[in-house]
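Peer 1: take this sequence and fold it.
(chains A and B)
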Amino acid sequence: MRCHRCDNPGAINMRQHKLSLCTEHFPEWFLEQTQRAIKKYRMFGHSERILVAVSGGKDSLALWDVLLRLGYHADGVYIDLGIDRGLGYSALSKDKAAAFAAQYPAARLIIVDIPQLYGESIIQVAQRRRRPQRPCSICGLIKRHEMNRVALEGGYDVLATGHNLDDEAATLFGNVLHWQVDYLRHQFPVLPADGQGLARKVKPFCRFYERETAAYTLIRGIDYIEDECPYAAGATSLAHKGTLNRMEHDSPGAKMHFYTNFLKAKETGLFATEETAPELRPCSQCGQPTTAPNLCNFCRLWEEK
Amino acid sequence: MHIVYRDKEWFVDQELTVNQMLKHLKLLPESVLVVRNGQLIAEDQKVHPGDEVKIVSVISGG
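Peer 2: This next block holds a predicted model:
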């Protein structure tokens, strides 16, 4: 297959778009498509300050790179969770994020060191709470809280994450399997700021297959951490991704239609938000919104020490 | 050719298309990318004896 924009051999064939592109034209297309998604879902403008949640992985580093190349004011935040497991996982992923940031002098990388700030790594928290094998829910809780805190304290207009279509389709698949209507209601590429302490959250890569974000980082020569978090093995979302990829193999575009038709259906009113949203109040310790009567789940993690 | 995928490696003395190679290894083209001698290539292209081939998993998350 030849590139659709020139006569060079295609470096990536996207069967769902019937589109093959070479190493020169794929990054160009990738930037155009990101800009289209930002505009389509009214994520942010060039005058706004963006905080990119950076993990050292392919998606987040690609997102930071693309936003900077598109001329946005984008800083990064890396949450150091203190994951080691004999591999130095957090240390290595932090190095990747820092090495990337060093190439863009105008961009700032904010590093939040959880063990230093709160006295324990997430693994130690999980052990204390008797969940040593599955720290993932604690990890998610800590990351969400800290990214939101940094965004608000730093005066950022929006928090951007590198979630791709495979991430979103796997989440959607899991939520549909269990008919988690509340989660389906809240799944969208933009979650507006609530005015009570939750920053606006956006997913500019939500229409890219995971393969495309990986191709972008490879072609751009971005050095990212290829290894998975050592605690991710056996995660349900990875199993859902495998199932969806087998469907995609037999029926190109299956993943894309599953997710984008869900978004279209939402825009026409499916799973419209109920009038009675849960009442939020500020956490008595950190001030972030919570449905709990006193401390939020994050602050309760450390209270029990 | 020398093929590397995660912590596995193979040595193959045969010309193959990327699709044929992935089929032999029981890998879905949807879940990987193939880099031949440092260059990303599509599934219809060929890998030859003497090539250095890296298969990159694209699935992440947890």
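
Peer 1: next one: B:R36 from chain A, what distance?
Peer 2: Distance, B:R36 to chain A, by Cβ to the nearest Cβ, to the nearest Å: 10 Å. Where C-beta positions appear, they are placed from N, C-alpha and C, glycine not excepted.

Peer 1: phi and psi next, for that residue.
Peer 2: phi -110, psi 120 (degrees, to the nearest 10).

Peer 1: remind me which residues of chain A are low pLDDT?
Peer 2: Across chain A, the ranges flagged by pLDDT under 70 are A:132-133, A:273-276, A:304-305.

Peer 1: around chain A, pick out the residues from chain B.
Peer 2: B:28-33, B:35, B:39-45, B:56-62 (Cβ under 8 Å from any Cβ of the partner chain).

Peer 1: ChimeraX command for the buried members of those residues?
Peer 2: The buried residues among the residues of chain B next to chain A can be selected in ChimeraX (16 or more other Cβ atoms under 10 Å in any protein chain shown) with this line:
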select /B:29,30,31,32,33,35,40,41,42,43,45,56,57,58,59,60,61,62
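
Peer 1: which of the residues of chain B next to chain A fall in helices?
Peer 2: Judged by DSSP state H, these include no members of helices.

Peer 1: sort out for me which of the residues of chain B next to chain A are in strands.
Peer 2: B:32-33, B:35, B:39-41, B:56-57 (DSSP state E).

Peer 1: what about residue 17, neighbour count?
Peer 2: Using chain A. 16 (other Cβ atoms under 10 Å in any protein chain shown).

Peer 1: please refer instead to chain B.
Peer 2: 15.

Peer 1: and if you look at the one 3 residues further on?
Peer 2: As a burial measure, B:Q20 scores 14 neighbours (other Cβ under 10 Å).

Peer 1: what's near enough to touch residue 11?
Peer 2: Since you didn't name a chain, this refers to chain A. A:3, A:21-23, A:26, A:215, A:219, B:39-42 (Cβ atoms under 8 Å, 6 or more residues apart in numbering or on different chains).

Peer 1: wrong chain, I was asking about chain B
Peer 2: B:1-3.

Peer 1: with A:D223 instead?
Peer 2: With Cβ under 8 Å, 6+ apart, A:D223 has these contacts: A:96, A:99-100.

Peer 1: in three-state terms, label it for me.
Peer 2: coil (DSSP: H, G, I helix; E, B strand; the rest coil).

Peer 1: report the buried residues of the strand or helix carrying B:M21.
Peer 2: Using DSSP states H and E, the element containing B:M21 is helix B:18-24. Residues B:18, B:21-22 are the ones in helix B:18-24 that count as buried (16+ other Cβ under 10 Å).
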